[in-house]
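*Asks:* sequence-free structure coming up:
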């Protein structure tokens, strides 16, 4: 009987070590709320000035769009500015979010119309709806790192820049715009 109580006590200790504390749960909830505010205020609101409230100055985006490096908040801000130029009506809807420790993972749907140039490519004036996953590391209430994975092939097909299997691409959508001298 003494061994049974010992084992039950040991099991309770182990179980309590694996359960998040109320403080860590509230921190994870605060991190999720911060990520949602970023989507709402910076991304959906196209308010790049608000980035300083949500990201550290040495923020690293591990999946930047070319020609950006993803290193530092100013490069990430420039990347988003280019994206907002290409898709002025871009919008993110959060489907769900989970948090573990300092990490927040979001499954999102992005919609928008490519009515602005994407680098040297002219606008297609076609709409896209793609899903993606954002993984953010949060330290002291600010994002320090990001990894993102989106349905890029689906987006290229919706824009007419990639053919359906067996079809030829729309050549007019692939002509680069003329560079200003």
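*Replies:* Arrived safely, thanks for sending. Bear in mind the structure is a predicted one, so any value in this text is a computation, not a measurement. Residues are numbered from 1 along each chain as shown.
*Asks:* can you pull up the most central residue in this structure?
*Replies:* Central residue check for the chain by Cα atoms, centre = their mean: the C-alpha nearest the mean position is that of residue 134, 3.8 Å away.
*Asks:* shouldn't it be within a strand?
*Replies:* Yes. Using DSSP: H, G, I helix; E, B strand; the rest coil, the assignment for residue 134 is a strand.
*Asks:* residue contacts, it?
*Replies:* 35, 104-106, 108, 146-148 (Cβ atoms under 8 Å, 6 or more residues apart in numbering). C-beta here means a position set from N, CA and C on the backbone, and glycine is covered the same way.
*Asks:* in strands only, show me those residues.
*Replies:* 104-106, 108, 146-148 (DSSP state E).
*Asks:* I'd assumed residue 66 was in contact with residue 79.
*Replies:* No. Using Cβ atoms under 8 Å, residue 79 makes no contact with residue 66, being 9.5 Å away.
*Asks:* circling back: run through the bridge partners of the residue nearest to the centre of the chain.
*Replies:* Judged by DSSP bridges, the bridge partners of residue 134 are residue 106, residue 148.
*Asks:* mind listing the strands in the chain by residue range?
*Replies:* Using DSSP E, strands in the chain cover 55-61, 91-100, 103-113, 127-139, 142-150.
*Asks:* avg pLDDT for the third one?
*Replies:* Same thing as strand 103-113. When pLDDT is averaged over strand 103-113, the result is 97.
*Asks:* helix or strand with the lowest mean pLDDT in the protein?
*Replies:* helix 2-18 (a mean of 54; mean pLDDT, DSSP states H and E).
*Asks:* could you check how far residue 139 is from residue 63?
*Replies:* In this view, residue 139 and residue 63 are 19 Å apart by Cβ to Cβ, to the nearest Å.
*Asks:* er, residue 30 I mean
*Replies:* Taking Cβ to Cβ, one finds residue 30 at 25 Å from residue 63.
*Asks:* try residue 158
*Replies:* 20 Å.
*Asks:* in terms of neighbours, single out the busier of these two.
*Replies:* residue 158 (17 against 13; other Cβ atoms under 10 Å).
*Asks:* pLDDT value on the more buried one, please?
*Replies:* So, for residue 158, pLDDT stands at 94.
*Asks:* try residue 80
*Replies:* 94.
*Asks:* tell me who's in contact with the residue nearest to it when sequence neighbours are not counted.
*Replies:* Nearest non-adjacent residue to residue 80, counting by Cβ to Cβ, 6 or more residues apart in numbering: residue 48, 6.1 Å away. Contacts for residue 48 (Cβ under 8 Å, 6+ apart) come out as 42, 77, 80-81, 84.
*Asks:* nearest to residue 94 among these?
*Replies:* residue 42 (13.5 Å; Cβ to Cβ).
*Asks:* the closest residue to that closest one other than its chain neighbours - how many residues pack around it?
*Replies:* In space, and not counting its chain neighbours, residue 42 is closest to residue 50: 4.9 Å by Cβ to Cβ, 6+ apart. Residue 50 has 16 neighbouring residues, counting by other Cβ under 10 Å.
*Asks:* good, wrapping up.
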